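Chemist: With the sequence up front, the predicted model follows.
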Amino acid sequence: MSEKQEEINEEVVQNEEVQTQENVEETTESNEEPKELSAEEKIAELEAKLKESEDKYFRVHADFENIKKRLEKEKYQAIDYASEKFAKDLLAPIDTLEMALAAEEAAKDMPAEELLAKLKEGVELTIKNFYTAFEKHDITLVETDGEFDPNFHDAVMQVDSPDHETGQIVQRLQKGYKFKDRLLRAAMVSIAN
């Protein structure tokens, strides 16, 4: 190589070194953090973030209050209409009684014994409808066989009975009913003396 070529090569190498050094300086400058914000700018930024957080809080709180009010309203409606199914089930016995009365009007030409048999059949059907509705809603009869239980029986009289021991139920005077495990009405009974 000639001297001239060597000089050119040295110049190219020097130029490359200078460019590399400039690139490194530019990269370092671009990696530096942006200038510090002034105190007023920081305060303004923090106030904006605070306002945004407050807005979110108030929206969530309002949503919570709305849900709470809706649930409260639904709870009271559920309480108010809790017996709706039971009331619907009592419509069938009432319809049966009304049909029995209407049949009596239509059967004026019928002999009394036949009319009485039809009315008895209608009453029995009505009672059956009542017991079906009771069964659907867990209403059961209070048992009156055996020992007297003051939790479920109301002793209205004591009678002498050679067939029963003292304290045993002799006769049921009025049926008692339970709703699930709660007593609706105690059974009126007479007990052995």
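Modeler: Ah, there it is. Numbering: from 1, shown residues only.

Chemist: For the nearest residue to Asn129 once chain neighbours are set aside, grab the count of nearby residues.
Modeler: Nearest residue to Asn129, sequence neighbours excluded (Cβ to Cβ, 6 or more residues apart in numbering): Pro93, at 4.1 Å. For the C-beta atoms, the positions are set from N, CA and C on the backbone; glycine is no exception. Look at Pro93: counted by other Cβ atoms under 10 Å, it has 18 neighbours.

Chemist: now Tyr177, which residues is it bridged with?
Modeler: Legend: beta-bridge partners of Tyr177 under DSSP bridges are Leu141, Arg185.

Chemist: Return the distance of it relative to Glu147.
Modeler: From Tyr177 over to Glu147 the distance is 19 Å, taken as Cβ to Cβ, to the nearest Å.

Chemist: Pull the distance from stretch 99-118 to the chain's centre.
Modeler: Taking the mean of its C-alpha atoms, stretch 99-118 sits 48 Å from the chain's own mean (Cα atoms, centre = their mean, to the nearest Å).

Chemist: List the buried residues of it.
Modeler: Residues Ala100 are the ones in stretch 99-118 that count as buried (16 or more other Cβ atoms under 10 Å).

Chemist: tell me how far the ends of it are from each other?
Modeler: Length of stretch 99-118, first residue to last, Cα to Cα, to the nearest Å: 11 Å.

Chemist: Show me the contact partners of that stretch.
Modeler: By Cβ atoms under 8 Å, 6 or more residues apart in numbering, the residues outside stretch 99-118 that reach it are 119, 122-123, 126.

Chemist: again, only using 7 Å
Modeler: 119, 122-123 (Cβ atoms under 7 Å, 6 or more residues apart in numbering).

Chemist: same thing with stretch 176-193?
Modeler: Contacts of stretch 176-193 (Cβ under 7 Å, 6+ apart): 138-142, 144, 148, 152-161, 164-175.

Chemist: Now, those residues that are in strands?
Modeler: In strands, judged by DSSP state E, the following of the contacts of stretch 176-193 are found: 139-141, 153-159, 169-174.

Chemist: Which of those are buried? Put it as a ChimeraX command.
Modeler: Burial among the ones in strands among the contacts of stretch 176-193 is assessed by 16+ other Cβ under 10 Å; the matching ChimeraX selection reads:
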select :139,153,155,169,170,172
